[in-house]
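Fold the following, please.
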Amino acid sequence: MLVSSTIKLIAGSSHPELAELVAQKLGISVCCVDGVKLKNTELCVLFGESFRGADVFILQTGHGHINDFVMEMLIMVHACRKASAGRITAVIPLFPYARQDRKDKGRAPITAKLMADMLEAAGCDHVVTMDLHAPQIQGFFSVPVDDLVAQPSVENWIRNYVDLRRAIVVSPDAGGAKRAANLADRLDLELALIHKERQRTNEVSNMVLVGVVTNKTCILIDDMADTCGTLAKAADTLVSHGATRVLAIVTHGIFSKDARQKIENSKLDMVVCTNSVQLREPIASCSKISQVDISPTIAEAIRRLHNGESVSYLLTHQPL
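Residues are numbered from 1 along each chain as shown. Now for the predicted structure:
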């Protein structure tokens, strides 16, 4: 997949491996960047080549040292703008602070909106992300936003590794029902739903299953796995209702705190995530974790945007 020499791909320090995979599929090299953290912890980013008139894509994902990565991305965008780049696109597979998308408590911040404002103020012309936790975040921007989906890649993985004759798609909560229903329709499978009740943030107190999962392989679908408490409890609920196997498929594998221990001690047979974030130890060596490569989707989106083509095809198809 060769593209014009005017395209520039910059890798932030959050996930350089994904940037390299994207660059390989585009047939280009990742731009030379020298990022330095000064003694007072300030970040300094220096580029080793010209960006004048170029179509610049900056790949940075919201995982790990999120605040440092956000600041690094803003500095990179601003530096490219001052270097007279033709267009600057922020490619953010996992959008940071996406769960702070509304004012659900008194004096609560809407930090996702702040992220949008900062990106635009830095000089960003376009944003590409994947499976936003709240799709309405696109409305926080005045610049174009393309929210890619991992579903075509996930669907292909399921067709290759799951016996669909005894499978059922399950949404672990009401908020993800639409996502799970779309996948169930494309795979021609039944849909079940788990209603969860929370006593506090990231802690589920009770789960109620709606649907029949007896003697079936359950495919749990969600946009992200953080502490994995929900997935573990969901697996317990499904197995207690007669499920023979439980697979969890998520777009973003955050896996914070004691996620590995919860996964290993749970009734989950496997947790599949994309490589939208970099898996580090101890979760990287977990035998129940598997990854789906979404670099072809990101690379094809970049190629299409660079050439002025529609990216709608990627919402339903996995690039070859």
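
Tell me where the model's unsure across the stretch 1-150 of the chain.
1-5 (pLDDT under 70).

Can you show me the helices along it?
16-26, 66-82, 111-122 (DSSP state H, counting those that start in this stretch).

Give me the neighbour count for residue 55.
Residue 55 is flanked by 22 other residues according to other Cβ atoms under 10 Å. Yep, even glycine has a C-beta here, placed from its N, CA and C like the rest.

swap in residue 192?
With other Cβ under 10 Å as criterion, residue 192 counts 23.

Look up how far residue 266 lies from it.
Taking Cβ to Cβ, to the nearest Å as the criterion, residue 192 is separated from residue 266 by 18 Å.

and what of residue 124?
The gap separating residue 124 from residue 266 is 39 Å, by Cβ to Cβ.

Neighbour count: the two, which is higher?
Shown here are residue 124 and residue 266; by other Cβ under 10 Å, residue 124 has more neighbours (25 against 21).

isn't the more buried one right up against residue 143?
Yes: look at residue 124 against residue 143 with Cβ atoms under 8 Å: they come within range, at 6.3 Å.

can you put the helices of the stretch 1-150 of the chain in a markdown table and add mean neighbour count and distance to residue 314?
A markdown table is the format used below for those (neighbours: other Cβ atoms under 10 Å; distance: least, Cβ to Cβ, whole Å):
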| stretch | mean neighbour count | distance to residue 314 |
| --- | --- | --- |
| helix 16-26 | 19 | 13 |
| helix 66-82 | 19 | 23 |
| helix 111-122 | 18 | 22 |
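
closest to residue 40 out of these?
Smallest distance to residue 40 across those (Cβ to Cβ): 13.4 Å, for helix 66-82.

Okay, angle between the closest one and helix 111-122 too, please.
Using axes from the mean of the first three to the mean of the last three Cα atoms, to 10 degrees, the direction of helix 66-82 lies 30 degrees away from that of helix 111-122.

List phi and psi for residue 251.
Dihedral pair for residue 251: phi -80, psi -50, per degrees, to the nearest 10.

Quick one: residues contacting it.
130-131, 150, 154, 222-224, 273-274, 276 (Cβ atoms under 8 Å, 6 or more residues apart in numbering).

What of residue 192?
168-171, 209-213, 218.

Okay, and which of the residues you listed map to strands?
Within those, residues falling in strands by DSSP state E are 168-171, 209-210, 218.

Outline the domain layout of this structure.
Annotated domains of the chain cover 7-149+295-315, 151-292 [automatic domain parsing].

Of the contacts of residue 192, select the buried ones using a PyMOL command.
Buried residues among those (16 or more other Cβ atoms under 10 Å), as a PyMOL selection:
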select buried, resi 168+169+170+171+209+211+213+218
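
what's the closest non-adjacent residue to residue 47?
Leaving out its chain neighbours, the residue that sits closest to residue 47 by Cβ to Cβ, 6 or more residues apart in numbering is residue 33, at 6.0 Å.

surely that neighbour meets residue 10?
Yes: counting by Cβ under 8 Å, residue 33 touches residue 10, with 6.0 Å between them.

separation between the residue nearest to residue 47 and residue 58?
From residue 33 to residue 58 the distance is 10 Å (Cβ to Cβ).

Between these two, which has more neighbouring residues?
More crowded of residue 33 and residue 58, by other Cβ under 10 Å: residue 58, with 26 against 19.

which residues does the nearest residue to that one once chain neighbours are set aside contact?
Distances taken as Cβ to Cβ, 6+ apart put residue 10 closest to residue 58, at 4.6 Å, once the chain neighbours are dropped. By Cβ under 8 Å, 6+ apart, residue 10 lies in contact with 19, 30-31, 33, 47, 56-59, 76, 80.

all helices for the stretch 151-300 of the chain, in order.
151-161, 177-187, 229-240, 259-265, 295-306.

and for residue 33 and residue 10, which residues touch both?
47, 76.

quick one: the most far-flung residue of the chain relative to its centre from residue 75, how far?
In terms of distance from the mean C-alpha position of the chain, residue 39 ranks first, at 32.2 Å (Cα atoms, centre = their mean). When Cβ to Cβ is the yardstick, residue 39 and residue 75 sit 17 Å from each other.
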